[in-house]
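Asker: A predicted structure for the sequence below; I have some questions about it.
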Amino acid sequence: MKKHLLFIIFLNLSLTTFSQWTTLNSGTSEWLRGVSFINKDTGIVVGYNGTILRTLNGGANWTEINSNTTEHLYSVFFANDQIGYIAGDNGKVLKTTNSGLTWFDISTGSYDLRQVFFVSTDIGFVAGQLGAIFKTTNGGTNWTNLSISHNGLVSVFFNNPDTGFVVGLGQTDAIIKTTDGGSNWTDKHPNTFAEYGSVVFTGIDTGYVCSTGAIDRNILKSTDAGNTWTVIYTAPFDGLYSLKFPTSNIGYVAGGYSGSSIMLRTQDGGINWNSQNTSTSQPLFDCYFVTKDIGYAVGMNGAIIKTMNGGDGISEFANSILTNVYPNPTTNLLNIELNEKNNLPIEIALTNLCGQKIENKKISNKGQIDLTNIANGIYVLTIKVGDYIVTRKITKE
């Protein structure tokens with residue numbers, strides 16, 4: 001009994017000691033869509049109705065900056081510690097040359113733009129609705145229209161001035177690649193039902209894409225420079241909006257749906273993803289990490305949250321201490337055990353990569369799932385310990 005009580009005390013201390021994400025006071029109720037930081041102290045957040053917020057003290061205080069527009073702003077990107085860009089509706093592009101203190105207009109036209117990305121201070125791209133893609137080679141003084149036929153492009157990423165990717169919504173061309181600076185584009189992952197919301201590469205060969213839709217709730221990975229893509233995770237929920245990798249192995253996905261936020265983390269290049277406990281119920285639209293430990297996320301109704309420790313907390317605690325899953329790969333029985341006794345309710349679920357539930361049940365400290373009669377392949381095991389979720393990739397051989 002004494003050992004059991006000591007463990008419960010330790011678990012409760014873990015809940016209070018290992019803070020994950022804390023809520024910051026943004027001073028606004030506008031929907032916030034993009035975030036970028038120059039360093040650990042200085043950052044910019046953008047949102048609806050021309051909202052630009054600036055902090056000089058790591059989010060403790062935010063100052064509203066005059067944008068001289070009422071257009072919805074969706075994305076902010078800094079090319080260096082002085083020069084930054086913002087993209088929004090009706091072709092709106094803004095530029096700063098003084099770390100976000102003031103912004104001036106360098107707009108492209110009338111397309112609604114969703115993301116801006118710069119390879120250097122001068123070479124950059126914006127992408128948006130109706131297949132809009134615009135390129136500049138002189139810091140936004142002039143823009144070249146490279147637009148393609150598409151329902152809507154949501155995210156753009158370039159490894160270098162020549163090789164880049166755009167992803168979008170609801171059309172056969174789901175992940176599109178260029179190797180000549182945007183003059184020509186090739187479909188690399190046809191998917192009629194795709195609603196991909198974010199693309200990022202951690203190197204020339206390795207890239208990731210996440211999806212926002214209710215049908216295709218996946219994270220994909222490429223290891224051959226984006227020529228082929230494999231589903232590595234299927235989420236049990238909708239709305240994966242923003243994907244960021246502060247290191248080659250550590251990555252985050254921010255998202256959410258009505259009344260709930262989502263923050264997923266991988267520490268092994270996408271093999272496993274763990275759900276983190278955010279401090280808000282607002283859906284999150286974007287995230288940014290200054291380092292692997294210091295990160296920010298923004299979302300609906302003025303939500304801004306921050307972590308100083310990579311979001312470590314009870315979900316990481318549960319992942320490393322509370323659960324043991326074996327054997328993996330398995331041919332029949334999969335065992336799930338808790339390393340210590342606890343009084344938190346535990347629920348386990350097994351789904352395939354299409355999100356279809358194969359098994360769902362409650363367990364105490366030990367449980368089993370019989371995989372004998374299911375097909376060989378990759379599955380996702382979700383272990384819910386109290387309010388916290390741990391996931392594992394399971395291989396049936």
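Answerer: Yep, that arrived.
Asker: can you pull the contacts of the nearest residue to Arg217 once chain neighbours are set aside?
Answerer: Spatial nearest neighbour of Arg217, excluding adjacent residues (C-beta to C-beta, 6 or more residues apart in numbering): Ala235 at 4.5 Å. C-beta here means a position set from N, CA and C on the backbone, and glycine is covered the same way. Applying C-beta atoms under 8 Å, 6 or more residues apart in numbering, we find Ala235 in contact with 217-219, 262, 264, 355.
Asker: now swap in Leu264 and tell me
Answerer: 219, 233, 235, 240, 252-253, 273-276.
Asker: swap in Met300?
Answerer: 31-32, 256, 282-283, 285.
Asker: Give me the below-cutoff pLDDT ranges for the stretch 151-300 of the chain.
Answerer: For the stretch 151-300 of the chain, applying pLDDT under 70 flags the ranges 170, 172, 192, 214.
Asker: Distance check, the residue nearest to Arg217 against Ser211.
Answerer: Taking C-beta to C-beta, to the nearest Å as the measure, Ala235 falls 9 Å from Ser211.
Asker: same deal with Lys177?
Answerer: 17 Å.
Asker: next one: Leu169
Answerer: 9 Å.
Asker: likewise Asn68?
Answerer: 35 Å.
Asker: Over to Gly84?
Answerer: Here Gly84 is placed at a distance of 28 Å from Ser211 (C-beta to C-beta).
Asker: same thing with Gln368?
Answerer: Taken as C-beta to C-beta, the span from Gln368 to Ser211 is 32 Å.
Asker: just His72 next, same as before
Answerer: To Ser211, His72 is 22 Å away according to C-beta to C-beta.
Asker: Kindly report the same for Leu53.
Answerer: Applying C-beta to C-beta to Leu53 and Ser211 gives a distance of 28 Å.
Asker: Inside strands: which ones of the contacts of Met300?
Answerer: 32, 256, 285 (DSSP state E).
Asker: For the second one, give me its contacts.
Answerer: Read that as Gly256. Here Gly256 is in contact with 239, 241, 262, 282-284, 299-300 (C-beta under 8 Å, 6+ apart).
Asker: For His72 and Ser211, indicate the residue with more neighbours.
Answerer: Taking other C-beta atoms under 10 Å, His72 and Ser211 do not tie; Ser211 has more neighbours (30 against 20).
Asker: Quick check: end-to-end length of stretch 99-106?
Answerer: 17 Å (C-alpha to C-alpha, to the nearest Å).
Asker: For it, list every residue counted as buried.
Answerer: Buried residues in stretch 99-106, counting neighbours by 16 or more other C-beta atoms under 10 Å, are found at 99-100, 103, 106.
Asker: rewinding a little: would you list the contacts of Gly256 in TSV and tack on distance to Asp122?
Answerer: TSV is the format used below for the contacts of Gly256 (distance: C-beta to C-beta, whole Å):
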residue	distance to Asp122
Gly239	35
Tyr241	29
Ile262	36
Gln282	36
Pro283	35
Leu284	31
Gly299	32
Met300	34
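Asker: closest to Asn335 among these?
Answerer: Using C-beta to C-beta, Ile262 comes nearest to Asn335 of the contacts of Gly256, at 28.4 Å.
Asker: quick one, what contacts the residue nearest to the closest one when sequence neighbours are not counted?
Answerer: Sequence neighbours aside, Gly255 is the residue nearest to Ile262 in space, at 4.1 Å (criterion: C-beta to C-beta, 6+ apart). Neighbouring residues of Gly255 by C-beta under 8 Å, 6+ apart: 197, 210, 212, 239-242, 261-262, 283-285.
Asker: mind listing which of the residues you listed are in helices?
Answerer: Assigned to helices by DSSP state H, none of the contacts of Gly255 qualify.
Asker: Pull the distance from stretch 45-56 to the chain's centre.
Answerer: In terms of C-alpha atoms, centre = their mean, to the nearest Å, the centre of stretch 45-56 is set 20 Å apart from its chain centre.
Asker: same thing with stretch 77-91?
Answerer: 19 Å.
Asker: Just the endpoints, please. Distance across that stretch?
Answerer: 16 Å.
Asker: With stretch 152-162 instead?
Answerer: 22 Å.
Asker: ok, now stretch 218-237?
Answerer: 10 Å.
Asker: now stretch 90-108
Answerer: Terminal-residue distance, stretch 90-108 (C-alpha to C-alpha): 9 Å.
Asker: can you list the residues that contact that stretch?
Answerer: With C-beta under 8 Å, 6+ apart, stretch 90-108 has contacts from 38, 42, 44, 52, 54, 65-69, 71, 73, 78, 81-88, 109-113, 116, 126, 134, 139-141, 143, 145.
Asker: Show only the entries of those residues found in strands.
Answerer: Reading strands off the contacts of stretch 90-108 with DSSP E, I get 44, 52, 54, 73, 78, 84-88, 113, 116, 126, 134, 145.
Asker: before we move on, back to that, now, of the contacts of stretch 90-108, which are buried?
Answerer: 38, 42, 44, 52, 54, 65, 67, 69, 71, 73, 78, 83-88, 111-113, 116, 126, 134, 139-140, 143.
Asker: how much space between the residue nearest to Arg217 and Ala349?
Answerer: Ala235 is 12 Å from Ala349, by C-beta to C-beta.
Asker: repeat for Thr70
Answerer: From Thr70 to Ala349 the distance is 45 Å (C-beta to C-beta).
Asker: what about those two, which has more around it?
Answerer: Ala349 (18 against 14).
Asker: Can you give me the buried ones in whichever helix or strand the more buried one is part of?
Answerer: Using DSSP states H and E, Ala349 maps to strand 346-351. Residues 346, 348-351 are the ones in strand 346-351 that count as buried (16+ other C-beta under 10 Å).
Asker: do stretch 374-383 as well
Answerer: Buried-residue list, stretch 374-383, by 16+ other C-beta under 10 Å: 378-383.
Asker: how about that stretch as CSV, C-alpha atoms only?
Answerer: Provided in CSV are the C-alpha atoms of stretch 374-383 (Å, rounded to 0.1, in the frame of the first residue of the first chain):
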residue,chain,number,x,y,z
ILE,A,374,-6.2,-9.6,-39.0
ALA,A,375,-4.1,-8.9,-42.0
ASN,A,376,-0.4,-8.4,-41.9
GLY,A,377,0.6,-4.7,-41.9
ILE,A,378,1.0,-1.5,-39.9
TYR,A,379,-1.5,-0.5,-37.3
VAL,A,380,-1.8,2.4,-34.7
LEU,A,381,-2.2,1.5,-31.0
THR,A,382,-3.6,4.4,-28.9
ILE,A,383,-3.3,4.1,-25.2
